[in-house]
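In: return a 3D structure for these sequence lines:
(2 chains)
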Amino acid sequence: MKISKVICTSLVLTIVLVVSLAPGFTTPVVAQKQQVTLTAIVAEPKERWDILFNDALQKLREKHPDIDIQVDYRVLPYDATRTQILTAMVGRTPIDLISVDQIWLGEFAQGEFLTDLTERANTWGKEKDWYKTNWDGGKYNNKVYGIWAWTDVRAMWYWKDLLNQASLDPNSLKTWNGYITGAKQLNDALKGQGIQGMHLVGASHSPDMWYPYLWMLGGEILEQKSGHPTKGTYWFPAYNSTEGVRALEFIKEQINAGIKPQINHFWGQEFADKKFAVMLEGSWLLGTFPREQWANIDQRVGMLPMFSVPNENNMTATMMGGWILSIPETSKNKDLSWELLTLMVEPEVLTPMLQKEGYLPTQKPIGEGPYASQLNTTIPYYNEMISMISVGHSRPNVPEYPQIADNIKQAIDEIYFGAKEPKQALNEAALKSAKVLGW
Amino acid sequence: MPSIFEKAEPYLFLTPALAILLIFLIFPLFWNTYISLHDVSLTTILRGWEYIGGTNFINLFNDPNFYTSLKVTLMFVGGSVALQFGIGMLMSVLLHQQVRASGVLRAIFIIPWTISAVIAAFSFKFIFDYNFGILNYLLNEIGLQSVGWLSDPSIVIWSLVIANVWYGTPFTILFLTAGLLSINPTIYEAAVIDGATKIRSFIYITLPLLKPFIVINLILITMWSVNFFDIQLIMTGGGPLFASTTASLYMYRQAFEFGLLSKGASAGIVLIAINISIAFIYHKLFRR
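Out: As a prediction, this is how the structure comes out:
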């Protein structure tokens, strides 16, 4: 009994001693900052996000000195980004910020994965600063679900020496006839050198390279139509119009001229490796050249800010891509995420990233304002690319778009392999698309 | 008289295995069936799922691309299994001879199987590339025209078969070698004394004794080829003109590219049915 009393007393004394010597007892208690970690899923490449998150986070911390803010962002390959976002949304995982490809927006919004940002965007009042196509690209059913942060345009790139070798004036490539004649001329001149004249996309994104021809003729991919069995007025395939058929006939002419569709796509590397003399590719093609070559790349590589037009009176068209920043419905820090998002697209934060990576702005103050000269001096053909934004179109962001694009791809493939005539191929594809859209 | 615990003991030992089977096989199977009978897409997944009975299966069987995918699957699986088994059998028999360094050769032959299918697919994508590929480079070097290995609808499936055979054959070599090693060598010695030639020994001793291994190998490589989609997805994405879209790739694309989860689930059920039928057919064929 006595021994147990001694043991108990020593135990209590030891505990009191340890607790009283603990740091909390010896030093005055400092009020703990509220800790917030914002999580994000974004698409590769990583460098662009490192720049953006770093600069925007610094500004966000300055605005909220009372909060200890961290950003935990995961950078994933393109396809994995979509899958991971969907998995996270379905599993109700709290994510605060995501990068969304414009064609995913409708699907994500319809699935109630994204936060409606309309009110926040109205209060922000920056809509007028965005190019209209780019602002509208962040909307679905008239509600804002994301802010289109930067874009890219597709243009015609050519090797000057190879065109010289074929005695081909690059300006002749501006028209459809000139493009076809040029293809034959280049193939003849470059025969035996392992270089092909013109590149033609045969990979899964082949529809993206056909749309500009459709748009420049005044056609559309989808149009609103009344009388839908369940939705009243809804989208209906319009790509099989006379404009669509004409646009696809031009693709057929390219095949007949000996241009071979390329199943594998290396996003401009094949051009940089001089496997093709002419390539229609996005503005990211410049990124395949070492940065130190940018200063005088225009001496070797030429660029026409256009897709060829049926005749010189036609206005050209191009397709715009890029990334939209959105806040998932599952975010637990929507206000803070919105602040971070708006800081990331502030010209002061965004411009250095665009300058470093070679992307194009979606905002007029960057594209045309005081920041433009900064970009113009570093990004080759910057002014020419910016001029294309006015003729840039975006793809419909309806939830059914992936299936519709697949139908169009099949029609294009049928032309590539001579299985069908353009009109028949497009009509059959449109029939399938109509079914997909619920007609 | 055994106690209740003693009676239950064997079943208790089975519990972990049954639990794993239930969680990882039976539950997903029932869940997949449940999804296939409801209207579930990425845009409706967070809302109530409407029961639609067999509509997904009707849509599936009304889709001409699904039939194309079944035809493509038949060619892909037929070609892959025939070549994997044929080459695998030949190699394992050759390696079973008293060849010097056969152990090293076995280790070398197994390398493709240890590589990720994704890496194998990317490698073959570059080998078969029309412009950059080494195969066309070699053809051009000997004065032949480039071949559209991945761009010609009539050739593409055979290019995928080649990639799958390269990737899958080592398993057959390994499996059949294990089978050959299990055969008692004295049987061959007795056969030699009786005057049997090597070919007759192979037909009348090796093949019958190897039958259980052959059946299991055939079932496994057939099912794997039916379910395999990494190579198709990476090398061609199913194109051109669906010429390389196997049923497994069709299922993946419906569910994860188009967001039609219930249609993808129905295609999955059909694939399970195909796999069970294949196992049944093999079992019947080799029962005797």
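
In: now do the strands in chain B.
Out: B:38-39, B:50-51 (DSSP state E).

In: to clarify, my last question referred to the stretch 51-200 of chain A.
Out: Along the stretch 51-200 of chain A, counting by DSSP state E, counting those that start in this stretch, strands occupy A:67-76, A:97-101, A:139-140, A:143-144, A:147-151, A:154-159, A:196-198, A:200-201.

In: which one of those strands lies closest to chain B?
Out: Closest to chain B of these is strand A:196-198 (CB to the nearest CB; 7.2 Å). For the C-beta atoms, the positions are set from N, CA and C on the backbone; glycine is no exception.

In: now check that closest one, is it near chain B?
Out: Yes. Judged by CB under 8 Å from any CB of the partner chain, strand A:196-198 comes into contact with chain B at A:Gln196.

In: give me the sheet partners of that strand and which way each runs.
Out: Paired neighbours of strand A:196-198 in the sheet (DSSP bridges): strand A:276-282 (parallel).

In: state the mean pLDDT of the partner strand.
Out: Strand A:276-282 comes out with an average pLDDT of 95.

In: that strand vs strand A:154-159, what angle?
Out: Interaxial angle, strand A:276-282 versus strand A:154-159 (axes from the mean of the first three to the mean of the last three CA atoms, to 10 degrees): 160 degrees.

In: give me every residue that touches residue 105.
Out: Looking at chain A here, since you left the chain open. Contact analysis of A:Leu105 by CB atoms under 8 Å, 6 or more residues apart in numbering or on different chains lists A:114, A:137-138, A:140, A:145-146, A:324, A:326, A:397.

In: wrong one, I was asking about chain B
Out: Contacts of B:Leu105 by CB under 8 Å, 6+ apart are B:95, B:99.

In: how far away is it from B:Leu95?
Out: The gap separating B:Leu105 from B:Leu95 is 6 Å, by CB to CB, to the nearest Å.

In: got the residues of the stretch 51-200 of chain B near chain A?
Out: B:125, B:129-132, B:140, B:148, B:150-151, B:153.

In: who wins on neighbours among the residues you listed?
Out: Highest neighbour count within those, by other CB atoms under 10 Å in any protein chain shown: B:Leu150, with 26 neighbours.

In: got the domain ranges for chain A?
Out: Listed by automatic domain parsing, the domain ranges of chain A are A:34-152+A:321-393, A:154-319+A:400-436.

In: how far away is the most centrally placed residue in chain A from A:Val309?
Out: Nearest to the geometric centre of chain A sits A:Gly322, at 2.2 Å (CA atoms, centre = their mean). For A:Gly322, the distance to A:Val309 (CB to CB) stands at 24 Å.

In: what is the neighbour count of A:Ala430?
Out: A:Ala430, neighbours per other CB under 10 Å, totals 21.

In: just B:Pro208 next, same as before
Out: 11.

In: ok, which stretches of the stretch 251-400 of chain A are strands?
Out: Using DSSP E, counting those that start in this stretch, strands in the stretch 251-400 of chain A cover A:261-262, A:276-282, A:301-304, A:318-319, A:323-326, A:360-361, A:392-393.

In: so which of these comes closest to A:Gly218?
Out: When the strands of the stretch 251-400 of chain A are compared by CB to CB, strand A:392-393 sits nearest A:Gly218, at 11.5 Å.

In: follow-up on the earlier one: partners of the nearest residue to the residue nearest to the centre of chain A once chain neighbours are set aside in the sheet?
Out: Nearest residue to A:Gly322, sequence neighbours excluded (CB to CB, 6 or more residues apart in numbering or on different chains): A:Thr151, at 3.6 Å. In this structure, A:Thr151 bridges to A:Leu360 when assessed by DSSP bridges.

In: sort out which of the contacts of A:Leu105 are buried, if you could.
Out: A:114, A:137-138, A:140, A:145-146, A:324, A:326, A:397 (16 or more other CB atoms under 10 Å in any protein chain shown).

In: which two from the residues you listed end up farthest apart in space?
Out: A:Leu114 and A:Gly137, at 13.7 Å, using CB to CB across the buried ones among the contacts of A:Leu105.

In: how far does stretch A:162-173 stretch from start to finish?
Out: Terminal residues of stretch A:162-173 lie 14 Å apart, using CA to CA, to the nearest Å.

In: any idea how far that stretch is from the chain center?
Out: 32 Å (CA atoms, centre = their mean, to the nearest Å).

In: quick one: mean pLDDT over that stretch.
Out: The average pLDDT for stretch A:162-173 rounds to 96.

In: is that stretch anywhere near chain B?
Out: No. Residues of stretch A:162-173 are not located near chain B by CB under 8 Å from any CB, the shortest gap being 15.1 Å.

In: what residues of that stretch count as buried?
Out: Quick answer for stretch A:162-173 (16+ other CB under 10 Å): A:162-163, A:166, A:168, A:170, A:173.

In: next: stretch B:106-123.
Out: B:106, B:109, B:112-113, B:117, B:120-121, B:123.

In: cool, thanks, signing off.
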